[in-house]
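**Student:** The following comprises the amino acid sequence and a computationally predicted model.
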Amino acid sequence: MEDHIRDLLSRFQYSEQLRETAVFRILFGGEEVSQVMADLGIHSGHSIRSWVQLYRQKMKTGLLTLPAMKQAQKRDMAALKQRNEELEQTLQQANLLILALNTMIETAEKELNVPIRKKSGTKRS
């Protein structure tokens, strides 16, 4: 019985990469939740919508930060390696966020014909 419950729980746990892919396809690809669910084998539209909401929050607040390491952790090689991996992942997320925001700006400028970025050489009013 316990194995069955563990199996069920593990079936509905998705990797960070899969969640990011789903969110990007919905937010920046304009795809429907149902299509992304079918393509990626995700069983719950509620899960996807919550991932999208979390990602939007990250975009608004810029919460791509890590807590400071303690002195004992700084002396531990395994902790330093783990921290390095965390920093690389955070950098990757920050780069994706920058790409997403630039894409949104370019799309808005093109489709709405609204200049958003400051052009070089413009005078202040």
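**Tutor:** The structure has been received and is ready for your questions.

**Student:** So for the helix or strand hosting residue 52, what gets flagged as buried?
**Tutor:** Here residue 52 sits within helix 45-61, counting by DSSP states H and E. By neighbour count with 16 or more other Cβ atoms under 10 Å, helix 45-61 contains the buried residues 47, 48, 51, 52, 55. Glycine gets a C-beta too; all of them are placed from N, C-alpha and C.

**Student:** swap in stretch 25-36?
**Tutor:** Judged by neighbour count using 16+ other Cβ under 10 Å, the buried positions of stretch 25-36 are 25, 26, 27, 33, 36.

**Student:** the helices in the protein, which residues?
**Tutor:** Chain-ordered helices for the chain, with DSSP state H as the definition, fall at 2-11, 16-27, 33-40, 45-61, 71-75, 77-112.

**Student:** Between helix 45-61 and the longest one, find me the angle.
**Tutor:** In other words, helix 77-112. Here the directions of helix 77-112 and helix 45-61 differ by 90 degrees (axes from the mean of the first three to the mean of the last three Cα atoms, to 10 degrees).

**Student:** For helix 77-112, which helices and strands make contact with it?
**Tutor:** Using 3 or more Cβ pairs under 8 Å, 6 or more residues apart in numbering; DSSP states H and E as the contact definition, the elements that helix 77-112 packs against are helix 16-27, helix 45-61, helix 71-75.

**Student:** Go through these and name the closest to residue 96.
**Tutor:** With Cβ to Cβ as the measure, helix 16-27 is the member of these nearest residue 96 (7.2 Å).

**Student:** Low-confidence stretches in this structure?
**Tutor:** Low-confidence segments of the chain, defined by pLDDT under 70: 1-12, 28, 59, 62-67, 120-125.

**Student:** Roughly how far does residue 86 sit from residue 37?
**Tutor:** With distances taken as Cβ to Cβ, to the nearest Å, residue 86 is found 29 Å from residue 37.

**Student:** ignore the last one, residue 95
**Tutor:** Shown here: residue 95 relative to residue 37, a distance of 27 Å by Cβ to Cβ.

**Student:** who has more neighbours, the two?
**Tutor:** Set side by side, residue 95 and residue 37 give different neighbour counts by other Cβ atoms under 10 Å, the larger being at residue 37 (16 against 11).
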